[in-house]
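**Student:** For reference, the sequence and a predicted model appear below.
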Amino acid sequence: MNAGEKPRVIAIDGPAASGKSTVALSLSRRLGFRLMDSGSMYRAVALLAVEKEVQLDDENTLFELARSVRADFRLELPPGASPRVFLGDRDVTEAIRSPGVGEAVSPVSVVGGVRKEMVSLQRESVSEDGVVAEGRDIGTVVFSDAPLKVYLDAALEERIDRRYKELTDKGMNITRSSVEKETEMRDTIDSSREHSPLSIAPDAVLIDTTDMSVVEVVEEISKIWNSRQRDR
Ligand code: DC
């Protein structure tokens, strides 16, 4: 990338279960861009914290774990299959989606030192091929100069239904009320934390996905991207 050139990044932010991951994956395939799932990076830190029984307010140890995730994290996108997340040689794709990690991840991601390491990891992953990057603070903090920022939202009940279906389809034995509790808790922590809370960038395109299919959302974002490329 030449100096002064904007990174080819499509930044997608939004609350838990707003459809970001599915949309970002599909969009990255359609445009031939790389995928950056920043939530899986925070989840990897939370996984190590849970496994090592680290207290969630032990900021120094959480910072050390974040440093090791920064060194070891890798996301692979096999053609036609779901993305896989690795820490070194270890495949943690399923482990980072467990309910225990789901509960620990928001408290872990409020820690300033953890965020600093994860933001560096995210910025290191930019390439000239283009990146679809999704998370909570991508358009506001990580890539505040992204040429396209999208904020995806959906009604709370719809988001709970989607997450419940996603987890039960994977064979997880959970109740809808536990998914409701976790989604509401994550919304509260993610939006009210001191460092980089979830918020809508002033220049973001807002898309309410409550009554939209993934295909429709991807279509809309691709159209906006293509028209902005033509207008450059
Ligand atoms: O997108 P996700 O549900 O996998 O994200 C898990 C958690 O990670 C989310 O509740 C808050 C945190 N997160 C964050 O703080 N900043 C990001 N850019 C992405 C995720």
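**Tutor:** Alright, I've got the coordinates.
**Student:** hey, where'd the helices end up in the protein?
**Tutor:** Under the criterion DSSP state H, helices of the chain are mapped to 20-31, 38-51, 59-72, 99-109, 112-124, 156-169, 176-192, 214-231.
**Student:** any idea which of these is most buried?
**Tutor:** Mean neighbour count (mean count of other Cβ atoms under 10 Å) peaks for helix 38-51 among these, with a mean of 23. C-beta coordinates here come from the backbone N, C-alpha and C atoms, glycine included.
**Student:** how long is stretch 140-154 end to end?
**Tutor:** 20 Å (Cα to Cα, to the nearest Å).
**Student:** Looking at the helices of the chain, which is nearest to residue 87?
**Tutor:** Proximity to residue 87 (Cβ to Cβ) singles out helix 59-72 among the helices of the chain, at 4.5 Å.
**Student:** Low-confidence ranges, the protein, go.
**Tutor:** Along the chain, the model assigns pLDDT under 70 to residues 1-6.
**Student:** and it, which residues reach the ligand?
**Tutor:** 16, 38-39, 42-43, 105-106, 109, 135-138, 186, 190 (Cβ under 6 Å from any ligand atom).
**Student:** let's see it at 8 Å
**Tutor:** For the chain, the residues found near the ligand under the criterion Cβ under 8 Å from any ligand atom are 13, 16-17, 20-21, 37-43, 46, 102, 105-106, 108-110, 115, 118, 122, 134-138, 142, 186, 189-190, 193, 196, 198.
**Student:** wait, which of the helices of the chain is closest to residue 78?
**Tutor:** helix 20-31 (11.5 Å).
**Student:** Give me the packing partners of that closest one, helices and strands only.
**Tutor:** Counting contacts by 3 or more Cβ pairs under 8 Å, 6 or more residues apart in numbering; DSSP states H and E, helix 20-31 packs against strand 9-13, strand 34-37, strand 131-135, helix 214-231.
**Student:** from the chain's centre, how far out does it sit?
**Tutor:** Chain-centre distance of helix 20-31: 12 Å, with Cα atoms, centre = their mean, to the nearest Å.
**Student:** got a list of contacts for that helix?
**Tutor:** For helix 20-31, the external contacting residues (Cβ atoms under 8 Å, 6 or more residues apart in numbering) are 10, 12-14, 33-35, 37, 39, 77, 82-83, 130-135, 152, 209, 214-215, 217-218, 221-222, 225.
**Student:** Repeat that for stretch 76-90.
**Tutor:** 25, 28, 34-35, 37, 40, 44, 48, 68-69, 72-75, 91-93, 96.
**Student:** How about the contacts made by the residue lying closest to residue 59 once chain neighbours are set aside?
**Tutor:** Among residues not flanking residue 59 along the chain, residue 111 sits closest, at 5.1 Å (Cβ to Cβ, 6 or more residues apart in numbering). Contacts here follow Cβ under 8 Å, 6+ apart; on that basis residue 111 touches 59, 62, 63, 66.
**Student:** again, but for residue 210
**Tutor:** 154, 155, 158.
**Student:** And it, how close does it get to residue 221?
**Tutor:** 16 Å (Cβ to Cβ, to the nearest Å).
**Student:** same thing with residue 106?
**Tutor:** 26 Å.
**Student:** again with residue 126
**Tutor:** 19 Å.
**Student:** My read is that residue 207 contacts residue 220, right?
**Tutor:** Yes - here residue 207 lies in contact with residue 220, judged by Cβ atoms under 8 Å, at a distance of 6.4 Å.
**Student:** I'd like the distance between residue 89 and the ligand.
**Tutor:** 22 Å (Cβ to the nearest ligand atom, to the nearest Å).
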